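Participant: coords below, sequence missing:
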């Protein structure tokens, strides 16, 4: 499901590193894996890795939140546990910490004693919390990549704007027209475009790179 979080281009929290922890509840064993994400295709890849590592586990439950433009794509999967007893509490832990680009997989080995709905919710939530605490958090600023095309006579004006914006220059090409590839915070994108057009009297082209 797509949850609107408003404008989050100024920054977001994510996992600092991957982590793995184990918990026991009654005679069931829970192995929680926390993993930073950068794209949606990684979710299934990491789930496949967990299934391969723990092929005889009873359940491989998961929850993730992934930055998607100015919203967050999120999902929780119970993987055969009673409805909303695994994926939902794990997802709630991610929400509570306001984490994006993060995946938690909790593998359960059922030992024979049923935990009940409340017990499962607590167990999966506690496992997710433990994994996230082990992974730690870091704040990141969403970046934008641009390609700017202009005549060589405008080099001074373009570079002046880029310098004031503290844009990171990744490459410069000198053909019939000059081109520069840059990276900067997404929150600065529209203001940079405005300043470039003003400094160059509109004689500049800006493209997403």
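Facilitator: In hand now; what should we look at? Only a predicted model underlies this, so the values are computations on that prediction, with no experimental measurement involved.
Participant: and residue 109, what are its phi and psi?
Facilitator: Dihedral angles of residue 109 (phi, psi; degrees, to the nearest 10) stand at phi -110, psi 110.
Participant: Against residue 89, how distant is it?
Facilitator: Applying CB to CB, to the nearest Å, the value for residue 109 to residue 89 is 19 Å. Where C-beta positions appear, they are placed from N, C-alpha and C, glycine not excepted.
Participant: Neighbour count for those two, which is higher?
Facilitator: The neighbour count for residue 109 versus residue 89, taken as other CB atoms under 10 Å, is higher for residue 89 (24 against 16).
Participant: Can you verify my assumption that the more buried one contacts residue 125?
Facilitator: Yes. Using CB atoms under 8 Å, residue 89 makes contact with residue 125 at a distance of 3.9 Å.
Participant: and this structure, what are its domains?
Facilitator: Here the domain assignment for the chain is 2-140, 143-208, based on automatic domain parsing.
Participant: Give me whichever of the ones you listed is most buried.
Facilitator: Highest mean neighbour count among the domains of the chain (mean count of other CB atoms under 10 Å): domain 2-140, with a mean of 18.
Participant: Phi and psi next, for the residue located most distally from the centre of the chain.
Facilitator: Note on the chain: the largest C-alpha distance from the chain mean falls to residue 153, namely 40.6 Å (CA atoms, centre = their mean). Here is the backbone geometry of residue 153 (degrees, to the nearest 10): phi -70, psi -20.
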